[in-house]
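Let's see this in three dimensions:
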Amino acid sequence: MCKSCDSTSTSTPTDRRRFLQFAGLGASALLLAGALPARMIQAAEKSSAPPKPQNVMTPDQALHRLVEGNERYVSGNSDTHDFLDEREALVSGQNPFVAVLSCSDSRIAPEYAFDTARGDLFAIRVAGNFVTDEGLASLEYAVAVLGAPLILVLGHESCGAIDAGIKAVKDQTVFPGHISKLTDALKPAIEKVIKQPGNLMENATVQNVKDSIQRLKNATPLLTDALGKGTLKVVGGVYRLSTGKVELFS
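Below is the predicted model:
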């Protein structure tokens, strides 16, 4: 037993009331507010039974489950989900087994592509599926607070954002409004492969996913700590529009 939790500690009624007040705020709120260290938040989250026990797994198990779900989706044999029971189970919280950073393209629906139910997949979506500061914070939350053991960066064929980025690099096309924010973010990946043989769109799509994976693997301290402990894996993939198949890579 740790000394701070020993029954001989001299906590007062006022201390206990203060703790209960903190507990009422919720562990995740305290983490975001910086009121308690992350390790204490994780301990508090794990002290109660997870809403979906089947989602408690290792990174390799999560990846295997993701692959199996995509295989069902591709073959047209997706599971039937009981939405009523899922709603009731998730009232108390969530513990997704995977966090997915994917494009906003309406043809790409990660929950369907991997045949997942509610509470299984924590989704961050932005056109071009690149890592923004806000997206990184969301993924950190999924890993450090919700306990997700796997992050997938999901690109796809014929991405409009990648196409716009290519035009911005090759033709110096300037897009209206804030669309240039997307093309600026995608330029580094496109410039890395612009002289490579093969299809530029395909090469840029894969390179953009790889760049996002690398940024996540270097994100200190939350993601790097989880990776170092072996409680997290970060992978990438490309979704094929005609088949629904996701080709995964590290």
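
bridging residues for the residue most central in space within the chain?
What sits nearest the mean C-alpha location of the chain, by C-alpha atoms, centre = their mean, is Ala99, with 2.7 Å. Under DSSP bridges, the beta-bridge partners of Ala99 are Phe122, Ile151.

ok, it - contacts?
Contacts for Ala99 (C-beta atoms under 8 Å, 6 or more residues apart in numbering) come out as 121-124, 138-139, 142-143, 148, 150-152. For the C-beta atoms, the positions are set from N, CA and C on the backbone; glycine is no exception.

Next, work out how far apart it and Lys217 are.
Ala99 sits 14 Å away from Lys217, going by C-beta to C-beta, to the nearest Å.

what does Lys181 give?
Distance of Lys181 to Lys217, given as C-beta to C-beta: 24 Å.

hang on, the earlier thing: I'd like the contacts of Ala99 as TSV, with pLDDT and distance to Thr80 appended.
Converted to TSV, the contacts of Ala99 look like this (pLDDT from 0 to 100; distance: C-beta to C-beta, whole Å):
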residue	pLDDT	distance to Thr80
Leu121	98	17
Phe122	98	22
Ala123	98	21
Ile124	98	27
Ser138	98	29
Leu139	98	30
Ala142	98	26
Val143	98	30
Ala148	98	25
Leu150	98	24
Ile151	99	28
Leu152	98	24
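
In those, which residue is surrounded by the most others?
Neighbour counts for the contacts of Ala99 (other C-beta atoms under 10 Å) peak at Ile151, which has 28 neighbours.

in terms of contact, does it touch Gly237 like I think?
No - counting by C-beta atoms under 8 Å, Ile151 sits too far from Gly237 to count as a contact (11.2 Å).

How about stretch 58-77, which residues are buried there?
Buried residues in stretch 58-77, counted by 16 or more other C-beta atoms under 10 Å: 59, 62-63, 65-66, 69-70, 73-74.

Lovely, talk soon.
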